[in-house]
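>>> sequence plus predicted model, see below.
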Amino acid sequence: SGYLKEKQPFEIERIWSWDRAAAALVASPLPFGVQLTHNGDFDAVEAYSGIVLNSELGLWLERALHTPNSTTGDSPKMVGLISLLRVQGRWAPAARLAWLRVV
């Protein structure tokens, strides 16, 4: 969102991918982070057969991501959703998303 206190450094994560030469899954340490710029029109999201308002979404993301949320803007909620949905090559986040979508 452009605020210095909200900008986080990239973290090194273990990402899994298929290595054709080895015919196996291999883990590689890669930098990952989410930086977002938008115009501030994120008021709600469709989820669970209804509309979830931005304020409610913050509380839900706090529980889903196990991360305290003291922010009031919409940008942190968008970054939270991107963090939740970005699962390719990441086993634990993929399992979490599958559980949240099914249960």
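Cool, the structure landed. These figures come from a predicted structure and were not determined experimentally.

>>> please make it C-alpha for all contacts and neighbour counts, starting now.
OK.

>>> and residue 75, what is it in contact with?
For residue 75, the contacting residues are 1, 36-38, 40, 42, by CA atoms under 8 Å, 6 or more residues apart in numbering.

>>> so what's it scoring on pLDDT?
pLDDT for residue 75: 81.

>>> renumber starting at 269 from here on
Will do, 269 is the new start, and the previous item becomes residue 343.

>>> got a list of contacts for the helix or strand hosting residue 280?
Following DSSP states H and E, one finds residue 280 within strand 279-287. Residues from elsewhere that reach strand 279-287 (CA under 8 Å, 6+ apart): 292-301, 357-359.

>>> the residue positioned nearest the centre of the chain - nearest residue in space that isn't next to it in sequence?
The chain has residue 351 as the residue nearest its centroid, 1.0 Å off, counting by CA atoms, centre = their mean. Of all residues not flanking residue 351 in the chain, residue 302 sits nearest, at 7.3 Å (CA to CA, 6 or more residues apart in numbering).

>>> how many neighbours does the nearest residue to residue 292 once chain neighbours are set aside have?
Once flanking residues are discounted, residue 292 sits nearest to residue 286: 5.8 Å by CA to CA, 6+ apart. Residue 286 sits with 12 neighbouring residues when counted by other CA atoms under 10 Å.

>>> quick one: residue 286 from residue 357, how far?
Separation of residue 286 from residue 357 (CA to CA, to the nearest Å): 9 Å.

>>> what do you get for residue 341?
Distance of residue 341 to residue 357, given as CA to CA: 30 Å.
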